Each structure stands twice: as structure tokens, then as C-alpha cells.
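> the following comprises the amino acid sequence and a computationally predicted model.
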Amino acid sequence: MALLHIAAGWARAAGRRLLAITVDHGLNPDAAAWSRRCAEAARAVGADWVERRWEGDKPATGLPAAARHARHALIAEAARDAGAKVVLIAHTANDIAESDWMRARGTMLGGLREWSPSPAWPEGRGLMLLRPMVNERREDLRGWLRSAGEGWIEDPGNEGFGRGKARRALLPLPEGEGLSVLERSDWERERVRGLALAGSHRNPSPFRLKAHRSALRASSALPLGEGFIWAGEALAMNLLCAAGHDRLPRSERLAALADRLAGGDPFTATLAGARIEASPDRMIIGREAGELKRRPPGPLALDTDTPAVWDGRYEITACAAGWSVVPALGRLNRLSKADRALADTVPPWGRGALPVLIRDGSDAPVLAWREAEVRALAPRRLSLALGETTQECDLHGTIHGETPPPDLF
């Protein structure tokens, strides 16, 4: 609620539209009443409001993770439908500490950063999450709401599962001994800062951020977006983006791969659906051919002028009806001479993962770029994950590697 009121003030001053999104997980009998209250609060401050629901059966185990995954996907879909590029999330300093506590005890939660890409893939492609409250304590925000005569909703579900354990563990002891990390001076911050929301049409990002340009990246996309030449760190994100899914490799396997890289000897390895070819001065990462054979993406029928995500790595928009996209695996020899020459720009083990188009009644496949608008998703995904974009206005440009050089087609 605090974020809604502050963001609404910024939106009015900047002349920007603000959309509030409520997700009903279908897990609490009070959810409908909460949604009504959220709708009323949003409209009271001049914001639009939309509700998304997590439909279907719920898992018997791993419910918090499944709910989190569904929530991010639903939020991303609502944001994309609205044409938004940035979603504001009200995580606080308490949430950061709780997540750190849970990760230290073996959970698979990702770290909460002030500015990071949506974890939903491919629903959240090109979408950034901004957490402007990460330096604010939960109780400070509640105090701010009280002083403004506003309330908030307490979700009892937050007291269950690992999150509730973390909250209880981080409470300070009655006499002050063993103060939690939230009580240390480093966490003391001024109350919510309205001035931090300063923005304009020239700089439309609602919060001004320091540039956290990562020194970890030294990679470039291959010509057709079919992988990366890598010469730095950020190994896990390179693997994830090249493979096209959202399943991070296990930490011990990632550490073993990093150790091999540190040795400097040439080698070939596979991990998390990606293939790695390492030499002393660089590494090429792409889609693993074996994984492609084990879990091939099925044929995807394309609707004219409607973008569709294929294999988690390409967004393809057909220019004419009747096309379906399939992997080039098993079809390379039937490509035209010109298309085979283009496919040869990709390492041999990666060519089968290229998208080709087939048409009803025709046995002749064509590289997707010939008959459709194709955008490789991995370059932008990696750039956003490594913090190379710090402003909303930068999200609209083209990233190197998204589209092939114009002289190729």
C-alpha cells in the first residue's frame, strides 16, 4: 500500500499511467475481499487496476515455490498486456534479510535486487522489476501509512512455510541481546523518500538508480543469436540464456565447471541444457544438442503478425499464413545452399537448434529469418540479468545480437 501511494504521486507528477496488479492465488478464503480492497485503493489514487488468478490444481508439495512462479508469470503477462516495461515490487529490507536467511539454510530462492529482470520466462522477457523499498524497514512503512491515515492487508500465509520461520528467527530478543541484522545501524535509513521518485518524460524511469554495470560480462552473441562467445564470469546466466529455460544449474556443478575454467585448459562440457567449449582465451556457450534431442521443442504453428516464443530462445513473427517453426535438426540437408551457408556460421553442434519454417504441403524448410521476423531473446535476457540496463528508456532499443547483421539475409 505504501508503494501504491508513493508511485501514484510520482505518476501524477510525471503524467504517467499507473497500473496496479493483484494476483489471487486461490489459496485464501479472504482473497476476494482483499482484491476488492486493492481495487478500491488503486482507483482512489487514480491508478488502473487488474486482477489475475492462479487457476488449476495446486501442488501437494513445493507450494510456495509454485505460487511464486505463478505469481511472477501472471504479473508479467498483465504488464505485457498493458505495454509496461517496469514492474514496481514493494520488497523491503526485512524481505532481503529473510531471503538471505532462507538461502543460507538451503532454499533455492534467488537474491532480491533493487533492479533485476523478471524471473518469469518467457512471460517476463524484456520486463524489469524495480524494488525501491529495499532500504526501508517494514515497520517504518507501516508507520508512514499510519501517519497518512492509510491501512494495509496482513496475509497470514506469510507466517507459514520458510518465510514465517525466517521472520521469527530475525526478531530481536526481548532484552535486545542478539539483535537481528535489521536492527544494525547499517540498516537504518530515512523514511520513504518521495524525492527518490523524481522523473520526467525525458527520463521516464520512476526512480533514479546508480549504474550497477557489471564487470562480470565479456561476452558477445553469435551471428544468429545461437549462443555466446564468453570471456568473463556470470557463468550461470550465460548457461541459462543459451539453453532458453529458467532452471539454474546446481551450485556444486556450477562450481566444478568454474574450477575447470580457472585451470585454463581447453575442454568441452555440458551443463543445464547448454554446451560449453572452452579454450584458454574464450568460451563458446550454446544450446546442448543432446538436450535438444531428449526434449525437442514441438512444431509451433505461427499466426500472422503475432509474436510467438519458440524454445525459450527466439521470438518469431510470421509475415504470412501457413508456417510452423521446428528445429533444424534432421532438416539441415534440405535447406537451400544459401541457407546452409548461413547455418555454417554456427558451430556444428549448435546448428540443429536453429529455427526453421515448414509449410503445409512442402518438404523444403527455410531458415526462419527468410520468411519471418526473428528476434533472438538470449542477448537481451543476458544483458538485463547482468545489470547492463539501468533506465526504463533503455529497454526499448535493440540489443546487439537480437537480430542478425542486415547483410546476412
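Received the coordinates, thanks.
> quick one, helices of the chain?
Counting by DSSP state H, one finds helices in the chain at the ranges 2-14, 31-44, 63-81, 93-104, 138-147, 161-169, 235-243, 251-263, 289-294, 337-343, 368-371, 378-385.
> those: which one's closest to residue 281?
Closest to residue 281 of those, according to CB to CB: helix 251-263, at 11.5 Å. Quick note: C-beta positions are derived from backbone N, CA and C, even for glycine.
> and the closest one, what does it pack against?
Helices and strands in packing contact with helix 251-263 are listed as helix 235-243, strand 267-271, strand 274-278; criterion 3 or more CB pairs under 8 Å, 6 or more residues apart in numbering; DSSP states H and E.
> who are the packing partners of the first one?
What that stands for is helix 235-243. Applying 3+ CB pairs under 8 Å, 6+ apart, we find helix 235-243 packed against strand 228-230, helix 251-263, strand 274-278, strand 283-287, helix 378-385.
> picking up where we left off before, which of the helices and strands packed on helix 251-263 sits closest to residue 357?
Shortest separation from residue 357 across these is recorded for helix 235-243, at 22.2 Å, computed as CB to CB.
> what's the angle between that closest one and strand 274-278?
120 degrees (axes from the mean of the first three to the mean of the last three CA atoms, to 10 degrees).
> so what's the gap between helix 235-243 and the chain middle?
For helix 235-243, the gap between its own C-alpha mean and the chain's C-alpha mean amounts to 13 Å (CA atoms, centre = their mean, to the nearest Å).
> got the contact list for that helix?
If you take CB atoms under 8 Å, 6 or more residues apart in numbering as the criterion, helix 235-243 is touched by 219, 227-228, 230, 246-249, 254, 257-258, 261, 271-274, 276, 285-288, 291, 312-313, 377-379, 381-382, 385-386.
> buried among those? Need that as a selection in PyMOL.
Here is the PyMOL selection string for the buried members of the contacts of helix 235-243, based on 16 or more other CB atoms under 10 Å:
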select buried, resi 219+227+228+230+249+254+257+261+271+272+273+274+276+285+286+287+288+291+312+313+377+378+379+381+382+385+386
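> neighbours around the residue nearest to residue 122 when sequence neighbours are not counted, how many?
The spatial neighbour of residue 122 that comes closest, neighbours along the chain excluded (CB to CB, 6 or more residues apart in numbering), is residue 309 at 4.3 Å. Applying the criterion other CB atoms under 10 Å, we find 17 residues in the vicinity of residue 309.
> residues in contact with residue 309?
Residue 309 is in contact with 122, 125, 315, 316, 377, counting by CB under 8 Å, 6+ apart.
> show me which pair in these is furthest apart.
Across those, the two members that end up farthest from each other (CB to CB) are 125 and 316, 12.9 Å apart.
> what about these two, which has more around it?
Set side by side, residue 125 and residue 316 show more neighbours around residue 316, with 23 against 20, by other CB under 10 Å.
> surely the more buried one is in contact with residue 368?
Yes. Shown here, residue 316 and residue 368 form a contact pair, counting by CB atoms under 8 Å, at 5.6 Å.
> now the common contact residues for these two.
Both residue 316 and residue 368 are in contact with 325, 355, 374, where contact means CB under 8 Å, 6+ apart.
> just give me the closest of these to residue 9.
Scanning the shared contacts of residue 316 and residue 368 for proximity to residue 9, where the rule is CB to CB, the winner is residue 374, at 41.6 Å.
> beta-bridge partners for that closest one, please?
Applying DSSP bridges to residue 374 yields these beta-bridge partners: residue 316.
> which residues of the chain score low on pLDDT?
Scanning the chain for pLDDT under 70 picks out 106-111, 157-233, 361.
> domain-wise, how is it divided?
As given by automatic domain parsing, the domain ranges for the chain are 2-197, 219-293, 298-379.
> re the thing from before, tabulate the contacts of residue 309 (JSON lines), appending distance to residue 7.
Written out in JSON lines, the entries for the contacts of residue 309 read as follows (distance: CB to CB, whole Å):
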{"residue": "122", "distance to residue 7": "26"}
{"residue": "125", "distance to residue 7": "23"}
{"residue": "315", "distance to residue 7": "29"}
{"residue": "316", "distance to residue 7": "35"}
{"residue": "377", "distance to residue 7": "28"}
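> just these now: which is nearest residue 364?
Closest approach between these and residue 364, by CB to CB: residue 316, at 18.1 Å.
> in PDB, list the C-alpha atoms belonging to stretch 326-343.
Below are the C-alpha coordinates for stretch 326-343, written out as PDB (Å, rounded to 0.1, in the frame of the first residue of the first chain):
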ATOM      1  CA  VAL A 326      10.600 -26.500 -35.900                       C
ATOM      2  CA  PRO A 327      14.300 -27.200 -35.100                       C
ATOM      3  CA  ALA A 328      16.700 -27.500 -38.000                       C
ATOM      4  CA  LEU A 329      17.800 -30.900 -36.500                       C
ATOM      5  CA  GLY A 330      17.300 -33.500 -39.300                       C
ATOM      6  CA  ARG A 331      16.500 -30.900 -41.800                       C
ATOM      7  CA  LEU A 332      19.800 -29.100 -42.500                       C
ATOM      8  CA  ASN A 333      20.500 -31.100 -45.700                       C
ATOM      9  CA  ARG A 334      17.100 -30.000 -47.100                       C
ATOM     10  CA  LEU A 335      17.900 -26.300 -46.700                       C
ATOM     11  CA  SER A 336      18.800 -24.200 -49.700                       C
ATOM     12  CA  LYS A 337      22.500 -23.700 -50.500                       C
ATOM     13  CA  ALA A 338      22.300 -20.100 -49.200                       C
ATOM     14  CA  ASP A 339      20.600 -21.200 -46.000                       C
ATOM     15  CA  ARG A 340      23.200 -24.000 -45.400                       C
ATOM     16  CA  ALA A 341      25.900 -21.400 -45.800                       C
ATOM     17  CA  LEU A 342      24.300 -19.200 -43.200                       C
ATOM     18  CA  ALA A 343      23.800 -22.200 -40.800                       C
END
